[in-house]
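K.L.:
Predicted coordinates and the sequence they were generated for:
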Amino acid sequence: TKGGLYYEANTDSVPEREEFHRIETAVGGEYFVVLSDGTRVWVNSTSEFVYPVQFIGDRRVVQLKGEAYFEVAKNHSKPFIVKLKNQQITVLGTSFNIQAFNDDRFSVTTLLSGSILLESFDAQGRKMSSMKLKPNQQARSDNRTGSIFLSETDASISNAWVGGKYRFKDETLVSIVKRLENYYGVNIRLAHDSLRNIRYTGTFSLDQGIQEVLDIINSEKQFTFMKDGKDILISARSK
């Protein structure tokens with residue numbers, strides 16, 4: 001179901017070895033969790049997040065498949081590390097959003113405050129590139145090649161979903177469709193290549209249904225769409 005779950009890690013005792021919790025969010029679901037060090041994490045729809053009950057040793061390591069927003073508690077002696085499919089993000093204390101779904105070619109990391117080090121690896125685990133991000137920068141990491149592309153952005157757009165909204169600024173339809181598929185659990189196909197680069201700027205609420213959202217995006221009547229169960233076909237409007 002849509003909505004959130006608040007879960008706070010148990011900090012009453014320190015285990016001899018790390019024990020882990022796993023969060024798996026359903027379609028349209030969001031979970032909020034406070035880790036044992038005070039780090040706050042919002043996990044978006046259709047994502048998986050693994051974290052220790054209690055952090056042990058000189059690093060704080062978690063794993064993510066999907067999308068999450070982090071507000072990391074500062075601890076300069078114990079870096080916080082997020083492991084993705086072919087990337088690793090290291091921080092001391094900062095806030096950032098990650099989109100890293102396993103089936104996507106690119107993982108997208110957006111920094112809101114502080115600084116992070118993003119490292120990418122190939123299939124054999126060899127480090128291919130690394131890059132430090134500053135606030136309002138976004139890194140797109142290629143999961144095939146390990147390349148990282150850096151751009152300036154309005155970082156507040158990236159985590160608007162935490163407040164129950166999706167915001168887009170000059171974003172392509174093919175990119176928007178991927179996010180809608182993850183959140184609504186639908187399969188969307190673009191019938192014509194010309195549709196891929198239609199750009200959209202706007203906001204919609206996550207309480208709105210998929211048909212209403214597509215109507216909003218299509219306010220200029222650039223395409224038509226047909227829905228059959230969970231399958232949606234978007235076609236270019238004939239002239």
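P.N.:
Received the coordinates, thanks. If you're wondering where the values come from, they're calculated on a predicted model, not measured in any experiment. Numbering: from 1, shown residues only.

K.L.:
need the contact list for Val50.
P.N.:
20-23, 62-64 (CB atoms under 8 Å, 6 or more residues apart in numbering). For the C-beta atoms, the positions are set from N, CA and C on the backbone; glycine is no exception.

K.L.:
Let's have these in JSON lines, adding distance to Leu190, pLDDT and secondary structure.
P.N.:
Output for the contacts of Val50, formatted as JSON lines (distance: CB to CB, whole Å; pLDDT from 0 to 100; DSSP: H, G, I helix; E, B strand; the rest coil):
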{"residue": "Phe20", "distance to Leu190": "39", "pLDDT": "93", "secondary structure": "strand"}
{"residue": "His21", "distance to Leu190": "38", "pLDDT": "95", "secondary structure": "strand"}
{"residue": "Arg22", "distance to Leu190": "34", "pLDDT": "95", "secondary structure": "strand"}
{"residue": "Ile23", "distance to Leu190": "32", "pLDDT": "96", "secondary structure": "strand"}
{"residue": "Val62", "distance to Leu190": "34", "pLDDT": "97", "secondary structure": "strand"}
{"residue": "Gln63", "distance to Leu190": "32", "pLDDT": "97", "secondary structure": "strand"}
{"residue": "Leu64", "distance to Leu190": "28", "pLDDT": "97", "secondary structure": "strand"}
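
K.L.:
Next SSE downstream of the lengthiest helix in the chain?
P.N.:
In terms of residue count, the longest helix belonging to the chain (DSSP state H) is helix 173-184. As assigned by DSSP states H and E, the chain's next helix or strand after helix 173-184 is strand 187-190.

K.L.:
Just list what that following strand packs against, helices and strands only.
P.N.:
Counting contacts by 3 or more CB pairs under 8 Å, 6 or more residues apart in numbering; DSSP states H and E, strand 187-190 packs against helix 173-184, strand 231-236.

K.L.:
and among these, the most buried is which?
P.N.:
Among those, the stretch with the highest mean neighbour count (mean count of other CB atoms under 10 Å) is helix 173-184, at a mean of 19.

K.L.:
Remind me what that one packs against, helices and strands.
P.N.:
Secondary elements touching helix 173-184 (3+ CB pairs under 8 Å, 6+ apart): strand 165-172, strand 187-190, strand 199-205, helix 210-217.

K.L.:
Of these, which is nearest Leu35?
P.N.:
strand 165-172 (25.1 Å; CB to CB).

K.L.:
Strand partners (parallel or antiparallel) of that closest one?
P.N.:
Counting by DSSP bridges, the strands paired with strand 165-172 are strand 199-205 (antiparallel).

K.L.:
Now do the strand it pairs with against helix 210-217: the angle between them, please.
P.N.:
140 degrees (axes from the mean of the first three to the mean of the last three CA atoms, to 10 degrees).

K.L.:
Any chance of the helices and strands packed on strand 187-190 in TSV with mean pLDDT as columns?
P.N.:
Formatted as TSV, these follow (pLDDT from 0 to 100):
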stretch	mean pLDDT
helix 173-184	90
strand 231-236	93
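
K.L.:
Now render those as CSV, adding distance to Glu48.
P.N.:
Converted to CSV, the helices and strands packed on strand 187-190 look like this (distance: least, CB to CB, whole Å):
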stretch, distance to Glu48
helix 173-184, 12
strand 231-236, 25
